[in-house]
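>>> Predicted coordinates and the sequence they were generated for:
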Number of protein chains: 2
Amino acid sequence: MTAPTHADETPAGPDIDDEVLLLLRRADQRYTTGRRRLVAALQSGDGPLTINQILDVDRSLAQSSVYRNLMVLEQVGAVVRIVTRDEFARYELAEHLTEHHHHLICTSCGDVADFALDDSMESSLDEALHKAADTRGFAVDAHRLDLLGTCGDCG
Amino acid sequence: MTAPTHADETPAGPDIDDEVLLLLRRADQRYTTGRRRLVAALQSGDGPLTINQILDVDRSLAQSSVYRNLMVLEQVGAVVRIVTRDEFARYELAEHLTEHHHHLICTSCGDVADFALDDSMESSLDEALHKAADTRGFAVDAHRLDLLGTCGDCG
DNA sequence: TCTGGGACTGATAACGATTCTCACCCTCGG
DNA sequence: CCGAGGGTGAGAATCGTTATCAGTCCCAGA
Ligand SMILES: [Mn+2]
Ligand SMILES: [Mn+2]
Ligand SMILES: [Zn+2]
Ligand SMILES: [Zn+2]
């Protein structure tokens, strides 16, 4: 659904940059070096990253610029802000740039990792969700599914 | 699984107080009037409440005490803290005091309402989730499922 | 019933992640 | 080559949340 490069390994990222560029252009924003490095940092982890994790991945980034640019990228629709359990927000690339997925949240170390469900489960779940939402007059845009527990490192 | 009062209407709450009392006693904590009013306030809405909503429901409560008591009740396992989209945390009674459910989060007004899935859907979902988690060496404690969209009032 | 210690309360100060400010820099069209 | 406007980043300001602490309240023991 998102034109994967080939198989389904790392969605890799030549075209991701192009997509982000388009999204920014559409809002009269520039795709500067700092913003490129930021997007690259987000691609590096296998889950959403906190501000500090981003700064740690790329020491050339300034904290205030990261905050501002993440806000810009979020408004433009390239990045999603995620709040889990702890006091730190996390950011990841929007799903239309990667793939639909969910999160394993470790209640011990706080780390967050991605995972996905089979397509069949996704679609039957979606159907059930829409049905449930309809009866409450709620128009569904997206669903969010997290698992809380203990990660392999903390097990 | 939680000894509902009878049908599945308002789980009502004589026994909820008893449960909370036990949980607090177990931790050498008292179930004071302020804490009872707090639990009552949480029962009043049909979704998790923010601190301000709680203070609004019961004007006799002091902000700092509400914050502290919510922390105590959370440590004791009677209350769960929920962070959704906005900057305000929300609190609700733990599911073993009520029923397993999920949340409809309105991205327009920020309001959060409860909803539930059929038992069959829940169990097949749980199975799929455990299977997915196992392959990542992740031990599941609970799942969290939210719908993002527009509520009836904002529609 | 009286009493002491410990839990609880609530106004207030402190904290910290995030957001805002603003002088400076850089880029791009003319 | 300029000038206007977007971008940058260090620091200040914001604000939800937490920690303090003196005063209360409650309960067990005398
Ligand atoms: Mn999903
Ligand atoms: Mn569920
Ligand atoms: Zn962990
Ligand atoms: Zn709404």
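Thanks, I have it. Computed from a prediction, not measured in an experiment: that's the story for all the values here. Ligands and ions are numbered 1, 2, ... in the order given.
>>> Helix or strand: which one has the nearest residue to residue A:63 once chain neighbours are set aside?
Leaving aside its chain neighbours, residue A:63 sits nearest to residue A:55 (6.1 Å; criterion: Cβ to Cβ, 6 or more residues apart in numbering or on different chains). Where C-beta positions appear, they are placed from N, C-alpha and C, glycine not excepted. In this assignment (DSSP states H and E), residue A:55 forms part of helix A:51-57.
>>> So which elements touch that helix?
The contact analysis (3 or more Cβ pairs under 8 Å, 6 or more residues apart in numbering or on different chains; DSSP states H and E) places helix A:51-57 against helix A:33-44, helix A:63-76, strand A:89-93.
>>> pLDDT below threshold where in chain A?
Scanning chain A for pLDDT under 70 picks out the ranges A:1-14.
>>> ok so, going back, can I get the helices and strands packed on helix A:51-57 in JSON lines with mean neighbour count?
Formatted as JSON lines, the helices and strands packed on helix A:51-57 follow (neighbours: other Cβ atoms under 10 Å in any protein chain shown):
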{"stretch": "helix A:33-44", "mean neighbour count": "18"}
{"stretch": "helix A:63-76", "mean neighbour count": "16"}
{"stretch": "strand A:89-93", "mean neighbour count": "21"}
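>>> any idea how far the residue lying farthest from the centre of chain A is from residue A:142?
For chain A, the residue at maximal distance from the C-alpha centroid (Cα atoms, centre = their mean) is residue A:135, at 29.5 Å. Distance, residue A:135 to residue A:142, by Cβ to Cβ, to the nearest Å: 19 Å.
>>> Check the burial of residue A:79 by counting its neighbours.
Neighbourhood size, residue A:79 [other Cβ atoms under 10 Å in any protein chain shown]: 24.
>>> Check residue A:148 too.
17.
>>> Looks to me like it is in a helix.
No. Under DSSP: H, G, I helix; E, B strand; the rest coil, residue A:148 falls outside any helix and is assigned strand.
>>> Show me the domain layout of chain A.
Using automatic domain parsing, the domain parsing of chain A gives A:1-98, A:101-155.
>>> wait, which of those is closest to residue B:65?
Ranking these by proximity to residue B:65 (Cβ to Cβ) places domain A:1-98 first, at 21.5 Å.
>>> Do any residues in the closest one lie close to DNA strand C?
Yes. Judged by Cβ under 7 Å from any atom of the strand, domain A:1-98 comes into contact with DNA strand C through A:30, A:50, A:51, A:63, A:64, A:67, A:68, A:71, A:87, A:88, A:89.
>>> Farthest-apart pair in the residues you listed, please.
A:30 and A:87 (31.6 Å).
>>> pull the longest helix from chain A.
helix A:119-134 (DSSP state H).
>>> partners of the residue most central in space within chain A in the sheet?
The residue lying closest to the centre of chain A (Cα atoms, centre = their mean) is residue A:92, at 2.7 Å. Under the criterion DSSP bridges, residue A:92 forms beta bridges with residue A:80.
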